[in-house]
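Peer 1: test case, fold it:
(2 chains)
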Amino acid sequence: MLRPTLMAAALAVAMPALSANARADENLDALRAELKQMKESYETRIQALETRLQAAEIQANQAAHTADKAVQAADQAEIQAQRASAQAAPVEGTAPASRLSQFNPEISLILQGQYANLDGNIENRNITGFLSPGDFEASSGFSIAESELVLSASVDPYFRGYLNAALDPDGGVGVEEAWAETTALGHGFTVKAGRFLSALGYQNTQHPHAWDFATNNLMYDAAFGGAYTQNGAQVKWVAPTDLYMEFGAEFGNGDSFPSTTSTGLGDYTLFSHFGGDFDVSNSWTAGLSYLYGKAHDRESGMADLNDVWADTYFNGNSTNWIANFVWKWAPQGNPTERYFKFAAEYFWRDERGNLLCADNTAAGGVCNGTDSAYSSSQSGGYLQGVYQFMPHWRVGYRYDRLNDGDYNFGANDPYLPVYDYAPTANTVMVDYSPSEFSRLRLQYTQNKSMIDISENQFFVQYIMSLGAHGAHKY
Amino acid sequence: MKSIRLVLTLLAALPALAHAALNVFACEPEWGALARELGGDSVKVYTATTAMQDPHRIEARPSLIAQMRRANLVVCTGAELEIGWLPLLQRESGNADIQPGRPGNFEAARYVALLDRPTLIDRSQGDVHASGNPHIQTDPRNIARVGEALAKRLAEIDPGNAALYQARWKDFSARWDAAITRWQAQGAPLKGMPVVVQHKSFTYLINWLGMREVATLEPKPGIEPSVGYLAEVAAHLKSTPAKAVLRATYQNPRASEWLAERVDIPAVALPFTVGGTPGTDDLFGLFDVTLADLLKVAR
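Peer 2: Numbers count the residues shown, from 1 in each chain, chains lettered A, B, ... in the order given. You can find the predicted model right below:
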């Protein structure tokens, strides 16, 4: 949704306005053909996988049958001998390894959908005072989110591969993540390369289905337009200590907000995570991360002083600090019945460079294409608590607050508004999970991310996980 | 590049050289206790979970990743019991030695023939384990099978102490065999005793002692019973009476106690693993207490 779905195909299908001339139509046709090809190729692969799955099942059933016989034989042998097992029929190796690892690769599919009730009169949704990282358009009614198809497996004894493909409801496939990482370096080192969610902060590596709320927090929306994705490489190291300490660095093209670089290395991140147990019932993690990005013609927009939409383009540097803290409680460390989870993150951002306000005089605006110095120093964060008060049932509350800090439009000052406004949101939710694979959620948000608007938002959401049992991150 | 890696490797290896004892990461208390029996002072055992926790549902906490990072040997049940958390610990640890397929990764269930293999593998059947019931530690003969394999594995990973592990295994095995003979004699009155279980936690125990499982409170594995389903079980027990309702200490007593009151039989919280109830500080205590608890209700 808000995350950068880089597939040109999806964009082209979603924005028919772009296909005004014949040249665009040609491109569209080519893209459609490519899409069709991709679809066919996926279908063939899925069929092949299904065939292998069936074969594996037959084999496993046979193995199960053999093993059941072995159990009977072993038991009889033991009854006869009336002795302990050390002398019983040897069964070593008769039980197969985890079935899941026989399915190579592990496959899981996430289905998500919601019904939303929003204020239909709000146009040009953004966050007041912040250069908006993307399209926040939202509408009432039923909608399905991207369905996530996740494939992962060990490549060989040295590497593991992972793909998270988002199937867009309007057609098209976006690659959310596609990476390979080392498993054999040892000594605490792991190297990862490809497209991946950056390890900065806490929530960044979580896909939307793992969020505790139906909507993203304001901080991640304002800071990264959803989440910070790297096209690059990551190296991290876990220290050999009782206290969990992880340090890492990432280098990438920087093509995810707030960096947008056209060529070469565009960003780097440094991250650290710490964690441990206070006692058997309480555990924690905390971290500090740094992101430096270069922006090149980074597109945003806002209503100008005439209240007419103006497109803006930023060129410059963006430096960001992110701090996170999480505390979890479960009686005796057993979260089956009850648990509480507290999470808080905060970010600070400084941006220096030039901002161009595109000429919108034709539409009645006041921007005239001036490219002028721009600087900002802003911050924001959220804190949230989720409590499972009985099996299957959870309630949660989140408080979002951004601090618009100082921002200066330079020579564009006569055209663009400077507010003194702190965007906030209050969110409550209750969710019910019949099993660990399904979840139904009801949410209310009072959203004050835009000045002079207090919007009441209601959501009913479902999340279904099919296939391989994915392990959940802390 | 090569020299950088060499330096990093050396740096990272320094703390590992500092302590000599083999670091064993045990997923469940029974394997921690077994590793202690076989390793003695040559191993430093970290047990990741307690008897009060559900081994299916453990948070992949940072403290567990930190321990996994330093482990030379990981001893877990396998058979998908720890699938919701163990793979994540392995991946996040950056420890190559304990990855699946490596000698440092020991799966107990591989050395035991598993019961309860599902014929239909579909999530509509609940939280099914495709390779079979993973709660193998409730049969002491399984402990012996795993112990023999674990002693070999310890010797393979730490060849310097191979003789010690073998000697300790011989000693443990003799004591264990004697204990099994004793438990089987004690348990003779339990043969044929009908019991109800809350979750399929005691399949191996019931199989070993020749008891009969006449009902399960969970309609499907991992799915909590509704009041309606419990009433059905209660009705079923009118025609097929049982002596007790068994559950593990970490499980919520509500369903067991509701049924126990309904049909007037005792609800018993068995230790399930080492540390589950007082007196179960080691593997011998685990079965002493389990047998005593069961014999109380057999009368």
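Peer 1: okay, and the beta partners of A:Ala178?
Peer 2: Beta-bridge partners for A:Ala178, by DSSP bridges, are A:Leu163, A:Arg195.
Peer 1: report the contact partners of it.
Peer 2: A:162-164, A:194-195 (C-beta atoms under 8 Å, 6 or more residues apart in numbering or on different chains). C-beta coordinates here come from the backbone N, C-alpha and C atoms, glycine included.
Peer 1: remind me which residues of the chain are low pLDDT?
Peer 2: Looking at chain A here, since you left the chain open. A:1-36, A:38-103, A:262 (pLDDT under 70).
Peer 1: wrong one, chain B
Peer 2: For chain B, the stretches with pLDDT under 70 are B:1-20, B:121.
Peer 1: all strands of it, in order?
Peer 2: B:22-26, B:43-47, B:73-76, B:105-107, B:194-197, B:212-216, B:244-248, B:267-270 (DSSP state E).
Peer 1: make TSV out of these and add distance to chain A and mean neighbour count.
Peer 2: Output for those, formatted as TSV (distance: least, C-beta to the nearest C-beta, whole Å; neighbours: other C-beta atoms under 10 Å in any protein chain shown):
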stretch	distance to chain A	mean neighbour count
strand B:22-26	10	26
strand B:43-47	10	20
strand B:73-76	11	27
strand B:105-107	7	23
strand B:194-197	17	23
strand B:212-216	15	16
strand B:244-248	11	25
strand B:267-270	14	20
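Peer 1: any chance of those strands in a markdown table, plus distance to A:Ser283?
Peer 2: Putting the strands of chain B into a markdown table (distance: least, C-beta to C-beta, whole Å) gives the following:
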| stretch | distance to A:Ser283 |
| --- | --- |
| strand B:22-26 | 17 |
| strand B:43-47 | 15 |
| strand B:73-76 | 20 |
| strand B:105-107 | 24 |
| strand B:194-197 | 31 |
| strand B:212-216 | 33 |
| strand B:244-248 | 23 |
| strand B:267-270 | 26 |
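Peer 1: these: which one's closest to B:Arg153?
Peer 2: strand B:105-107 (5.2 Å; C-beta to C-beta).
Peer 1: what's the closest one packed up against?
Peer 2: strand B:73-76, helix B:140-157 (3 or more C-beta pairs under 8 Å, 6 or more residues apart in numbering or on different chains; DSSP states H and E).
Peer 1: can you say which of those is packed in most?
Peer 2: Of all the helices and strands packed on strand B:105-107, strand B:73-76 carries the top mean neighbour count, a mean of 27, counting by mean count of other C-beta atoms under 10 Å in any protein chain shown.
Peer 1: stretch A:453-465 near chain B anywhere?
Peer 2: No: Stretch A:453-465 lies apart from chain B when judged by C-beta under 8 Å from any C-beta of the partner chain; the minimum separation is 9.4 Å.
Peer 1: what ranges do the helices span in the chain?
Peer 2: Going with chain A. A:8-14, A:22-81, A:99-102, A:218-224 (DSSP state H).
Peer 1: sorry, I should have been clearer: chain B.
Peer 2: Using DSSP H, helices in chain B cover B:2-18, B:29-39, B:62-70, B:86-93, B:140-157, B:162-186, B:203-209, B:227-239, B:254-263, B:283-298.
Peer 1: okay if I get those helices as a markdown table plus distance to A:Asp311?
Peer 2: Shown next, in a markdown table, are these (distance: least, C-beta to C-beta, whole Å):
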| stretch | distance to A:Asp311 |
| --- | --- |
| helix B:2-18 | 46 |
| helix B:29-39 | 62 |
| helix B:62-70 | 44 |
| helix B:86-93 | 42 |
| helix B:140-157 | 63 |
| helix B:162-186 | 71 |
| helix B:203-209 | 66 |
| helix B:227-239 | 61 |
| helix B:254-263 | 60 |
| helix B:283-298 | 70 |
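Peer 1: ok, which of those helices comes nearest A:Thr370?
Peer 2: A:Thr370 sits nearest to helix B:2-18 of all those, at 48.2 Å, using C-beta to C-beta.
Peer 1: count of neighbours near the closest residue to chain A within the stretch 1-150 of chain B?
Peer 2: Proximity of the stretch 1-150 of chain B to chain A (C-beta to the nearest C-beta) peaks at B:Pro62, 2.5 Å away. By the other C-beta atoms under 10 Å in any protein chain shown criterion, the neighbourhood of B:Pro62 contains 25 residues.
Peer 1: any idea what the residue nearest to A:Arg441 when sequence neighbours are not counted is bridged to?
Peer 2: Distances taken as C-beta to C-beta, 6 or more residues apart in numbering or on different chains put A:Asp431 closest to A:Arg441, at 3.9 Å, once the chain neighbours are dropped. Per DSSP bridges, the residues bridged to A:Asp431 are A:Arg394, A:Arg441.
Peer 1: so how far is A:Ala214 from A:Asp431?
Peer 2: According to C-beta to C-beta, to the nearest Å, A:Asp431 stands 9 Å off from A:Ala214.
Peer 1: neighbours around the closest residue to A:Gly353 other than its chain neighbours, how many?
Peer 2: Using C-beta to C-beta, 6+ apart and skipping the chain neighbours, the partner closest in space to A:Gly353 is A:Gly316 (1.4 Å). Neighbours of A:Gly316 under the rule other C-beta under 10 Å: 19.
Peer 1: who does A:Gly316 bridge with?
Peer 2: Beta-bridge partners, per DSSP bridges, of A:Gly316: A:Ala295, A:Gly353.
Peer 1: quick one: contacts for the residue nearest to B:Val233 when sequence neighbours are not counted?
Peer 2: Among residues not flanking B:Val233 along the chain, B:Ala215 sits closest, at 5.0 Å (C-beta to C-beta, 6+ apart). Residues near B:Ala215 by C-beta under 8 Å, 6+ apart: B:196-197, B:233, B:236-237, B:240, B:242.
Peer 1: let's see if you can find the most crowded of the residues you listed.
Peer 2: Neighbour counts for those peak at B:Val196, which has 27 neighbours (criterion: other C-beta under 10 Å).
Peer 1: bridging residues for it?
Peer 2: B:Ala215, B:Val245.
Peer 1: pretty sure it sits against B:Ala242.
Peer 2: Yes: contact between B:Val196 and B:Ala242 holds when scored by C-beta atoms under 8 Å: they sit 4.8 Å apart.
Peer 1: overlap in contacts of the two?
Peer 2: Residues touching both B:Val196 and B:Ala242 (C-beta under 8 Å, 6+ apart): B:214-215, B:265.
Peer 1: how close does the nearest residue to A:Asn306 once chain neighbours are set aside get to chain B?
Peer 2: In space, and not counting its chain neighbours, A:Asn306 is closest to A:Val366: 5.0 Å by C-beta to C-beta, 6+ apart. According to C-beta to the nearest C-beta, to the nearest Å, A:Val366 stands 52 Å off from chain B.
Peer 1: next up, the contacts around A:Val366.
Peer 2: With contact set as C-beta under 8 Å, 6+ apart, A:Val366 has these partners: A:304-306, A:308, A:360, A:414-415.
Peer 1: dump those residues into a markdown table; add neighbour count as well.
Peer 2: Shown next, in a markdown table, are the contacts of A:Val366 (neighbours: other C-beta atoms under 10 Å in any protein chain shown):
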| residue | neighbour count |
| --- | --- |
| A:Asp304 | 22 |
| A:Leu305 | 15 |
| A:Asn306 | 15 |
| A:Val308 | 15 |
| A:Asn360 | 20 |
| A:Pro414 | 12 |
| A:Tyr415 | 19 |
